Structures are given as C-alpha cells and as structure tokens.
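# what's the 3D shape of this:
(chains A and B, ligands or ions: 2)
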Amino acid sequence: MDIIEAKNIDFYYSDFHALKNVSLGIAKNSVTAFIGPSGCGKSTFLRLLNRMNDLIPDTKLAGKCLVNGEDIYAKGVDVDTLRKKIGMVFQKPNPFPKTIFENIAYGLRVNRMGNKEFIRNRVEESLKAAALWDEVKDKMNRSAYDLSGGQQQRLCIARALAVKPDILLMDEPASALDPISTAKIEDLIFDLKTQYTIVIVTHNMQQAARVSDSTGFFMLGELIEFSDTKKMFLNPAKEQTQNYITGRFG
Amino acid sequence: MNRKLSQKIAFWIFRILGWAVVGILLWILGFIVYNGIGVISLEFIFDSPRNGMLEGGIFPAIVGTFCLIIGSMIVAFPLGVMSAIYTNEYVRDGKISRFIRMMTNNLGSIPSIVFGLFGMALFVRAMSWGDSIIAGSFTLGLLVLPLVIRTTEEALRMVPDALRTGSYALGASKLQTIRYVVLPTAFPNIVTGLILSVGRVSGETAPILFTVAAFFLPRLPSSVFDQVMALPYHLYVLSTSGSNLEAQRPMAYGTALVLITLVLIINFTASLIRKYFSKKHGAV
Ligand SMILES: Nc1ncnc2c1ncn2[C@@H]1O[C@H](COP(=O)(O)OP(=O)(O)O)[C@@H](O)[C@H]1O
Ligand SMILES: [Mg+2]
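Residues are numbered from 1 along each chain as shown, chains lettered A, B, ... in the order given. Ligands and ions are numbered 1, 2, ... in the order given. Purely as a prediction, here's the structure:
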C-alpha cells in the first residue's frame, strides 16, 4: 500500500482552480520529485499533504487524501499531530531566532517529547542525520542566524527530523543556496530515504533526475504525468512532458 | 541651476534640518541642567519638601511618579499586549481588525485631560477608590493603552510569517507558536513600546490631576489607596502656586531635571534589555 494516496484532488484559492483532478500514489521510503513551470501548483499540492493550506483563508478542497490509509481531512483528525508526522522544509531557510540547540529542540518541546537527556540526545542525532553536527557541535548555544544559508537549511532539515516524522516534504529546499550547499542537500536526501518517505518540489530537472525514484510533472494545476523517474526522463509518455524536460514548452 | 549644485543644496538643507533636531534637544536639556543643577543634592532627592516647599527635597514626588509608572504599566501592558495579539494573530477578517485598529487610534487621540475626567468619574467616584495610586494608575494605564497596542502590533507584524509556518509545520499549536516563537521574536520591539509608554506616563499631568496627585504630602504612601505627589504635578505647583514663586523657581528646574533624568535612565535600561534580547534571539 502507498503511504500517500491522493484521489481526485481539486483545490481552489477562492475562485482560482489551482489543482485539477490530481490523483497519485507515493510508495514508502521513496523519493518523489514534482517538477513543472512555476505557478503550476507544486507547492499547493505539497502543502495539502500536511494541511498547511488550512492556514490560507478562503480555500476549498475536493477529493481525498490518504496518509497511511487514513483520510487526513476527515473530521476529528488532529492537525498538529498530523504535522508532527509529516515534516516540512521550506524554500527559504526559516530557523527560529533562537540558539542552534533550541531550534532543534523546539519540535520536541512543543510535542512534549522526553526529558532533558532525551532531548539532548535527539538533538545530536538529528544534527548528525542532517550532516551538520561536525560544523556546529561546538557552538550549540550560538544563534542559528550565525550560520550560513546552506547550514541554516540543513538546520531546518534537522529540526524537521527531530520529531521523527514518517514523511518529509521539501519545497525547493536548495533553490536559495549555492551549488556546494545544494550538493550537500542532495547527498542528504539520498541518505535520508532509507528511513523517510521524501517528497521534493524542484524547478531543477537535473536535481529531480538525480535524487528521485518517481517524478510527477505538473502544468497549470494538472498532473500531466507521474511515473518512474528514469522512464520520465528517458521516455516520457506525454508530449507536454517531453517538451518541458527538453526545454521546449510553452 | 545645474543638477550637481541643486543636489548639493538639497543635501545641505537636509543635513541642517536633521542636526537642528539634535540641537533643539540639546538646547532643552542644557537649559534644564543649567538652571536645575544648582539645587540638586542628596537632600533634594531624598528629603521631603519643607517650609512652604522652599526647602527640603522632592523625594515623595519621585516615589509617587515611580508608583504611577509601575501601576499604569501593570494595567496597560497585559491588556495592550493581549489586545494586539488578538487583532494581529487571531482575527482573520481584515474588516474586523481594521475596525478595532481604528477604535484604538481614536482612543489614542482623546486629550489626556478627558482621561482625567473619566478616571475621576469611574475610578475615584464610581469605584469609590478615592484619589489614590490605583485610580491614577488605571487612568494613566488607559491613556497609554493605544500606544502599547500600536507598538506591540507593529512588533508582531515584523515577525516574518515564515517563522509561524515553520512552527506549525513541526506540530506546534497556535498558542504554542505565539508563546514560543512570535512573542520572543517580537519581544525587543515590544520593550521599545513599553519605553515609549513609560516616558509618556511619567510626564503626564492632566490625568493625575483629579485622580491621584497631592498638592503637598510629605508622607510616603503605604497602600495603593493612598494619594501621592508626582513629579510633573509638583513641577506645575512649584511654578504656579505657593508662597514665593521666585524663590521656588530653582526647585522647579531641579524637579524638571530629576524628571528628565528618570525618563532617560528608564530609556537607557530598556534599551539595554532590548539589546540583550536581540543578541540572544538574533536580530529580526
Ligand atoms: N495563498 C495563495 N492565494 C491565492 N493564490 C495562490 C496562493 N498560493 C498560490 N496561489 C496560486 O496558485 C497557483 C499555484 O501556486 P503554487 O502552488 O505556489 O505553484 P508552484 O509551487 O508550482 O510554483 C499559482 O497560480 C499561484 O498564483
Ligand atoms: Mg512553489
């Protein structure tokens, strides 16, 4: 069974039809990339999966979205618990104006997970998993704002990992970063997929090809094609996909 | 006239006007210091007025102003911060928050003497608190409420939304997000608002006239239901009434100097607090 199943999703920002009849399934412990021209609905779809769109006023959703077989939009679902299980990393690094340690500990504290000792261990573990530990282990009490952009983004990844989510959503996590930091994030995605299901939005097709197992191509709110990444890039089924990945779209 | 020259002239006009503000401030300060420094002594600061206010000091007025600052902040701060949190974090409807904001601004434009009248009717009479620290604190608290609300709202608006979404994405509730991310981030700027309010409160005369201020009361207050002397009102009394206005004048300048120094010390302390917290949390 797929860990994420979207069935006939339609989504509206007031009158604007942002997602049109989108259906797809995502396998556990895989990396799925969403590509497509900007404004096609990639972020909107990603935010549906942890109900971040709930924060935007005047939106409407039709269709079903199942995570681990359960409808996440059913009545009685606790949104805070859902978001703890589905972590998210944003386009621009958004560390809290707190110390490096407190940034990672934040999710543990608000979810009332564990005692001091537990939190300290989990902070270290998460920073190691995000390949940041060696760079920050001597300055845990410094402000997160003292880190470089790339380090801040890995801090945000560590922060998301600390609460042990099942799924990690990443919305263009490297688009604000330099090539070296980008490479580090990509390596990281590779390491993380043994333990997490990762869904990543990227406008960079090489990146999608490098890191993902499956790729979905969105255009104007529709999921044009969704398939194995190799197949998608070598032999796409749709002409629109072919045009987009060869740079001849529009 | 060529562009370079007009550029230069404009620059000089801006420069002169910019420094003029500094000049005016220094002039006022210099004037007060020059006229007031002569009477400043330990006795002046730590003693009660004696001999028809021609001798002794202003200690009761210093204590009184201090009590009113603390009291009015206890009234205005929680109320103002909570109100700002409500309009900025909870109200999603732009119309409602605009309405609340408009009313807040209107409250802020009511002349302070009207607050005095209202405070007398409500706190002194209706609540039967009499002329007292508590009545004066509530009156002054209401007076600065709009200022506290406005500065707190600005501080909250400066907190980037990305921090809020980052917090929600980790499973934090709205209340946790406000408590652990929004408020700490906004705190240095909220403190700035607090400083402005303290400055405002310590200098107001009209609202305390009918609600707390005593003309002459050498005894220190022993409860919140006591009257007190206050620096701005004492200054007014020294300059307008009494046995010998001419002889009282140096005392008046001395009082003004103490009042200004008090406000400057508060500002300075608060900016230290602000710096400390900005450093701790990183600037936003
Ligand atoms: N908060 C919002 N309110 C209204 N329209 C929005 C909002 N967010 C996105 N949209 C619109 O929805 C469409 C899809 O946006 P988005 O999902 O951000 O695209 P992508 O991430 O693929 O660039 C765009 O046309 C965008 O203008
Ligand atoms: Mg996007």
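
# so where is the chain shaky, pLDDT-wise?
You didn't pick a chain, so chain A it is. A:248-250 (pLDDT under 70).

# right idea, wrong chain: chain B
Scanning chain B for pLDDT under 70 picks out B:1, B:279-284.

# tell me which residue of it lies closest to ligand 1.
Distance from ligand 1 to each residue of chain B (Cβ to the nearest ligand atom) is smallest for B:D161, at 11.0 Å. For glycine as for every other residue, the C-beta is placed from the backbone atoms N, C-alpha and C.

# so the residue positioned nearest the centre of chain A: helix, strand or coil?
Geometric centre of chain A, nearest residue: A:L169, 1.6 Å, by Cα atoms, centre = their mean. What DSSP: H, G, I helix; E, B strand; the rest coil gives for A:L169 is strand.

# nearest residue to it in space, please, no chain neighbours.
Excluding the flanking residues, the one nearest A:L169 by Cβ to Cβ, 6 or more residues apart in numbering or on different chains is A:M88, at 4.6 Å.

# do the same with B:P111
B:A206 (7.7 Å).

# tell me where the stretch 51-200 of chain B has strands.
B:55-56 (DSSP state E, counting those that start in this stretch).

# residue numbers of it in contact with chain A?
B:92, B:160, B:162-163, B:165-173, B:176, B:180-181, B:184-185 (Cβ under 8 Å from any Cβ of the partner chain).

# show the buried residues in those.
Buried by 16 or more other Cβ atoms under 10 Å in any protein chain shown: B:163, B:165-172, B:176, B:180-181, B:184-185, out of those.

# got phi/psi on the residue in chain B positioned nearest to chain A?
Across chain B, the shortest distance to chain A (Cβ to the nearest Cβ) belongs to B:G171, at 3.1 Å. B:G171 has phi and psi values of phi 90, psi 10 when expressed as degrees, to the nearest 10.

# got it, and B:L259?
phi -60, psi -50.

# wouldn't it be in contact with B:G203 here?
Yes. In this structure, B:L259 is within contact of B:G203 by Cβ atoms under 8 Å, at 7.0 Å.

# what do these two both touch?
B:P232 (Cβ atoms under 8 Å, 6 or more residues apart in numbering or on different chains).

# what about the two, which has more around it?
B:L259 (23 against 15; other Cβ atoms under 10 Å in any protein chain shown).

# where's that one relative to B:V39, distance?
Applying Cβ to Cβ, to the nearest Å, the value for B:L259 to B:V39 is 14 Å.

# please name the nearest non-neighbouring residue to the residue of chain A found nearest chain B.
Closest to chain B within chain A is A:K84: 3.1 Å, counting by Cβ to the nearest Cβ. Nearest residue to A:K84, sequence neighbours excluded (Cβ to Cβ, 6+ apart): B:G171, at 3.1 Å.

# hey, where'd the helices end up in the stretch 151-284 of chain B?
B:161-169, B:174-177, B:183-203, B:206-209, B:231-240, B:245-281 (DSSP state H, counting those that start in this stretch).

# most packed of the ones you listed?
For these, the largest average neighbour count (mean count of other Cβ atoms under 10 Å in any protein chain shown) is found in helix B:206-209, namely a mean of 26.

# residues touching residue 181, list them.
Answering for chain A, as no chain was given. A:S148, A:G149, A:G150, A:Q151, A:Q153, A:A174.

# the intended chain is chain B.
Counting by Cβ under 8 Å, 6+ apart, B:V181 touches A:F96, B:V159, B:L163, B:R164, B:G166, B:S167, B:A172.

# tell me how far the first one lies from A:M232.
Relative to A:M232, A:F96 is positioned 37 Å away (Cβ to Cβ).

# the last one too?
Distance, B:A172 to A:M232, using Cβ to Cβ: 37 Å.

# and if you look at the fifth one?
Distance, B:G166 to A:M232, by Cβ to Cβ: 31 Å.

# ok, B:A252 touching B:T240?
No. If you go by Cβ under 8 Å, B:A252 and B:T240 don't touch, sitting 9.4 Å apart.

# how about residue 15, phi and psi?
All of this is about chain A. The phi/psi pair for A:D15 (degrees, to the nearest 10) is phi -90, psi -10.

# what about it, how many residues nearby?
7.

# go on, A:L132?
For A:L132, the count of nearby residues is 24 (other Cβ under 10 Å).

# and A:I180, what is it in contact with?
By Cβ under 8 Å, 6+ apart, the neighbours of A:I180 are A:G150.

# ok, now the one 4 residues further on?
For A:K184, the residues meeting the contact criterion (Cβ under 8 Å, 6+ apart) are A:A131, A:G150, A:R154.

# tell me which helix or strand it sits in.
A:K184 belongs to helix A:179-192 when assigned by DSSP states H and E.

# list the helices and strands the following helix or strand past that helix packs on?
Using DSSP H and E, the helix or strand that directly follows helix A:179-192 along the chain is strand A:197-201. Here strand A:197-201 touches strand A:31-35, helix A:42-49, strand A:167-171, helix A:179-192, going by 3 or more Cβ pairs under 8 Å, 6 or more residues apart in numbering or on different chains; DSSP states H and E.

# buried deepest among these, which one?
strand A:31-35 (a mean of 25).
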